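> please find the sequence and the predicted model below.
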Amino acid sequence: MRVYYVITAIIYLGSLMTSFIYVYKNINCNYNTKYLFIKLDTIRIFLRNSAISLLLILGFISFGVMTLIILCINGVITGSMLALASKKIGLVNALLLILPHGIIEIPVMLVFSVWGLMLGVKLYKRENIWEIITSKKFIAKTLLLFLLLAIAALIEVNVTGVIYWRLIEK
C-alpha cells in the first residue's frame with residue numbers, strides 16, 4: 001500500500017512544482033487580487049472537491065490511469081495558482097492562503113488517489129474489488145473523508161477569506 005502513497009505523492013508534488021516553476025518564470029500576472037475571495041461559497045467548494053474526489057477514486061475503472069491523470073491536473077492547477085498568487089502577493093502570503101484548508105484538503109485528495117490507483121491495479125489483476133468497496137470499513141472511511149472535505153470547505157471560506165482580507169488587502 002505504501003507504494004501507492006509514494007506514487008501519488010510524487011505525481012502530485014512533481015506536477016505542482018513543475019507548473020509552479022513554469023508559471024512563475026513565464027507568465028505575467030496582471031489581475032486584481034481583491035476579487036479572488038468575493039465569490040467563495042462553502043457548498044460550491046465542497047461539491048467541486050467531492051466531484052474531483054469521486055473522479056479520483058472512480059479512476060480505478062481505467063486501471064488507475066485516469067486517477068493519475070486527474071491527480072496530475074490537480075497538481076498543475078494548484079501549482080499554477082500558487083505561482084500566480086506568489087507573483088502578486090509573495091510566496092509566504094500565498095502559502096498562508098492555501099495552508100489552512102489545504103492541510104486537510106490535499107491529504108484527502110491523495111487518499112482518494114491512492115484508493116483509485118490501488119483498486120485499478122486490483123481490477124487489472126482481476127481481483128475482486130467489490131468486497132473492498134462495499135465493506136463497512138471502506139464506506140466509513142469514505143464518509144469520514146467527505147466530512148473532512150466539508151470541514152476544509154468551511155475553513156476555505158471562513159478562515160482563508162479572513163486571512164486574505166486582514167493580511168493582504170490591509
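Right, received. Where do you want to start?
> the residue at minimal distance from the centre of the chain and Leu99: what is the separation?
The centroid of the chain falls nearest to Ile106 when counting by C-alpha atoms, centre = their mean (4.4 Å). Distance, Ile106 to Leu99, using C-beta to C-beta, to the nearest Å: 10 Å. To be clear about C-beta, it is placed using only N, CA and C from the backbone, and glycine gets the same treatment.
> and if you look at Thr8?
Between Thr8 and Leu99 the computed distance is 20 Å (C-beta to C-beta).
> next structured bit after the host helix or strand of Asn74?
In this structure, Asn74 sits in helix 65-89 according to DSSP states H and E. Remark: after helix 65-89, the chain's next helix or strand is helix 91-124, criterion DSSP H and E.
> quick one on the thing from earlier: relative to helix 91-124, how tilted is the helix holding Asn74?
180 degrees (axes from the mean of the first three to the mean of the last three C-alpha atoms, to 10 degrees).
> just the buried positions in helix 65-89, please.
For helix 65-89, the neighbour count (16 or more other C-beta atoms under 10 Å) marks 66-68, 70-72, 74-76, 78-89 as buried.
> any weak-confidence spans in the protein?
Applying pLDDT under 70 to the chain flags residues 29-39, 168-170.
> let me know the outermost residue of it.
Arg126 (29.2 Å).
> now it: how far from Ile61?
On the measure of C-beta to C-beta, Arg126 and Ile61 end up 14 Å apart.
> now do Tyr124
To Ile61, Tyr124 is 11 Å away according to C-beta to C-beta.
> in stretch 15-27, what counts as buried?
Buried residues in stretch 15-27, counted by 16+ other C-beta under 10 Å: Ser15, Leu16, Ser19, Phe20, Val23, Tyr24.
> ok, now which ones touch the second one?
In this case it means Leu16. Gly75, Val76, Thr78, Gly79, Leu82 (C-beta atoms under 8 Å, 6 or more residues apart in numbering).
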